[in-house]
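J.: what's the 3D shape of this:
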Amino acid sequence: MLTHHRKPVCLSLISTDLPLWSVVETAATLYQKDRDRFHLLLTAPPVTNSKEVLNPSSPRVLWLEISPYRVTMTMQGNAQLSYRHFWERGVYGITRYWLPNESLQPNQPIRLRNFTANLTLNGHPLPEHLRVEYELWAGKVQLGCYILNLEIHH
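T.: Take a look at the predicted model:
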């Protein structure tokens, strides 16, 4: 059974201890894989630095695999920053970042760990709200506490 729906979404990432806040409001395609598993695909806005837009002709695809128990979020960036996060409540998951091809070690990911303190998925039969609270770690150094919040409007 594979059904899909085009829905407006609001995806935000907030740090609770650093001055970091990002919000994306756009349309996304929600695919129902089975009763409790969903995939959500959206095109993310281009990465910008203070002076220019980096590679605006190549859209970045953000793909979330969602269930009540675990979430995987992948950003594929066409030679831009790419990453994959894996969250599961009470578990140290893996976070990987791939830097643009111009970096010192192309195609070698930066590997971090995240600890998922809370993962909540609400809505039935389709998800309406996802909240992931996690800590990001490099070895024994904590790199901050974060909240990923996804609202899917039906």
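J.: the spatially closest residue to Ile14 that is not a sequence neighbour is in what secondary structure piece?
T.: Distance criterion C-beta to C-beta, 6 or more residues apart in numbering; nearest residue to Ile14, sequence neighbours excluded, is Ile147 at 4.8 Å. (Glycine included, C-beta is placed from N, CA and C.) Under DSSP states H and E, the secondary-structure element containing Ile147 is strand 141-152.
J.: now Leu40
T.: When elements are assigned from DSSP H and E, Leu40 belongs to strand 37-44.
J.: which is the next helix or strand following that strand?
T.: strand 60-66.
J.: now do the helix or strand following that following strand: which elements does it pack against?
T.: If you walk from strand 60-66 toward the C-terminus, the next helix or strand you reach (DSSP H and E) is strand 70-76. With contacts defined as 3 or more C-beta pairs under 8 Å, 6 or more residues apart in numbering; DSSP states H and E, the secondary structure elements packing on strand 70-76 are strand 60-66, strand 82-88.
J.: pLDDT of the last one, averaged?
T.: The predicted model assigns strand 82-88 a mean pLDDT of 94.
J.: what strands flank the helix or strand just after it, and is each parallel or antiparallel?
T.: Later in the chain than strand 82-88, the nearest helix or strand by DSSP H and E is strand 92-98. Sheet pairing for strand 92-98, assigned by DSSP bridges, gives strand 82-88 (antiparallel), strand 110-122 (antiparallel).
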